[in-house]
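A predicted structure for the sequence below; I have some questions about it.
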Amino acid sequence: MYVIIRRFRAMTDVDEVARRAMAGLAPALKEAPGFAGYHVFDERGGGGLHHPVREPRGRRGGP
C-alpha cells in the first residue's frame, strides 16, 4: 500500500475541506484503479493534512 501525506498550513476549516472532498474528490478517486482510501486530518493548531491511499500495481484488483 502507498500513502502520500500532504500538509496544508493554510487550511482553516477542516470540516469544510472534508465535506468537499467527500462530495467531489472521493467519487472520482473511487473510480481510479488501486484506490484504497482517503483521509483528512485536523492538526488542531492551524492547518490540516490529507492522504490518499493506493494499492501497489501488482495488487490492484486482487485480495
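That came in fine, so what should we check first? Numbers count the residues shown, from 1 in each chain.

point out where this protein drops to low pLDDT.
Across the chain, residues meeting the criterion (pLDDT under 70) sit at 58-63.

now the strands: where do they sit in it?
Remark: strands assigned in the chain by DSSP state E are 2-3, 6-8, 35-42, 48-54.

out of the ones you listed, which is closest to residue 27?
Taking C-beta to C-beta, strand 35-42 is the member of these nearest to residue 27, at 10.6 Å. Where you see a C-beta, it was placed from the backbone N, CA and C, and this is true even at glycine.

what's the closest one packed up against?
Strand 35-42 sits against helix 14-20, helix 26-31, strand 48-54, with contacts defined as 3 or more C-beta pairs under 8 Å, 6 or more residues apart in numbering; DSSP states H and E.

how about the ones you listed, which one is nearest residue 1?
Between the helices and strands packed on strand 35-42, strand 48-54 lies closest to residue 1; by C-beta to C-beta that is 6.0 Å.

now that closest one against strand 35-42, angle please.
Taking axes from the mean of the first three to the mean of the last three C-alpha atoms, to 10 degrees, strand 48-54 and strand 35-42 form an angle of 170 degrees between their directions.

strand 48-54: partners in the sheet, and parallel or antiparallel?
Pairing partners of strand 48-54, with direction, according to DSSP bridges: strand 2-3 (antiparallel), strand 6-8 (antiparallel), strand 35-42 (antiparallel).

just these: most buried one?
strand 35-42 (a mean of 15; mean count of other C-beta atoms under 10 Å).

same list, the strands of the chain, but as TSV with distance to residue 15 please.
Formatted as TSV, those follow (distance: least, C-beta to C-beta, whole Å):
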stretch	distance to residue 15
strand 2-3	22
strand 6-8	14
strand 35-42	8
strand 48-54	10
